[in-house]
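> return atomic coordinates for the entry below.
(one chain, ligands or ions: 1)
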Amino acid sequence: MKVRQSAPLPLAMLRALVDALDDGLITLLAARRMLVGAIAVVKAEAHIATCDPARECYVHNRALRLARRLGVPATTARAVIEAAIADARGQQNPPLAAGPERPASQTCCDR
Ligand SMILES: C=C(O[C@@H]1C=C(C(=O)O)C=C[C@H]1O)C(=O)O
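Numbering: from 1, shown residues only. Here you go, the predicted model:
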């Protein structure tokens with residue numbers, strides 16, 4: 001017996017779902033930035049350096065393991081995490097207040 005495949009969802013509906021996921025990505029980034037703000041306060045009070053290479057490596061490696069499990073290309077996962085970390089470093093070291101800063105594309109993990 002021949003099994004009929006279900007009809008593909010219309011393009012507009014699929015794109016609306018992508019839009020919703022993109023909204024989720026930006027919402028998660030905003031939540032991450034809120035946590036980074038709280039971390040920045042704790043680190044400033046404890047006189048801890050803004051940049052923590054060991055932590056950045058941990059964040060990268062964790063994300064890469066999850067990406068591998070979910071079938072996300074490592075280069076894509078690495079780019080997303082690098083962007084999030086660069087954003088977090090920029091958030092904690094505004095260029096005018098902190099003087100020369102590393103390029104946004106370079107993490108202090110230097111992977
Ligand atoms: C947010 C922090 O500050 C920096 C940014 C990190 C990140 O975006 O994950 C990790 C380590 C730090 O270099 C932190 O110390 O946890």
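
> which positions in the chain make contact with the ligand?
With the criterion set to CB under 6 Å from any ligand atom, the chain comes near the ligand through Val36, Ile39, Cys51, Asp52, Arg55, Glu56, Val59, Ala84, Ile85, Ala88, Arg89, Cys108. For every residue, glycine as well, the C-beta is placed using N, CA and C.

> of those, buried ones?
Val36, Ile39, Cys51, Asp52, Glu56, Val59, Ala84, Ile85, Ala88, Arg89, Cys108 (16 or more other CB atoms under 10 Å).

> which of these sits closest to Ala74?
Using CB to CB, the shortest approach to Ala74 within these belongs to Val59, at 14.4 Å.

> check which helix or strand covers that closest one.
helix 53-70 (DSSP states H and E).

> the longest helix in this protein is where?
Taking DSSP state H as the criterion, the chain has its longest helix at helix 11-45.

> now that helix: buried residues?
Of all the residues in helix 11-45, those buried under the rule 16+ other CB under 10 Å are Val36, Ile39, Ala40.

> need the contact list for whichever residue of the chain sits closest to the ligand.
Using CB to the nearest ligand atom, the closest approach of the chain to the ligand is made by Ala88 at 3.2 Å. Contact analysis of Ala88 by CB atoms under 8 Å, 6 or more residues apart in numbering lists Arg32, Arg33, Val36.

> mind running it again at 7 Å?
Contact partners of Ala88, counting by CB atoms under 7 Å, 6 or more residues apart in numbering, are Val36.

> and if you look at Ala84?
Ala84 makes contacts with Leu29, Arg32, as judged by CB under 7 Å, 6+ apart.

> check which helix or strand covers it.
Going by DSSP H and E, Ala84 is part of helix 74-92.

> show the pLDDT at Ala44.
The pLDDT attached to Ala44 in the predicted structure is 95.

> same question for Ala67.
Listed pLDDT for Ala67 reads 98.

> pLDDT weak spots in this structure?
1-5, 96-111 (pLDDT under 70).

> try 80
Along the chain, the model assigns pLDDT under 80 to residues 1-8, 94-111.

> that'll do, ta.
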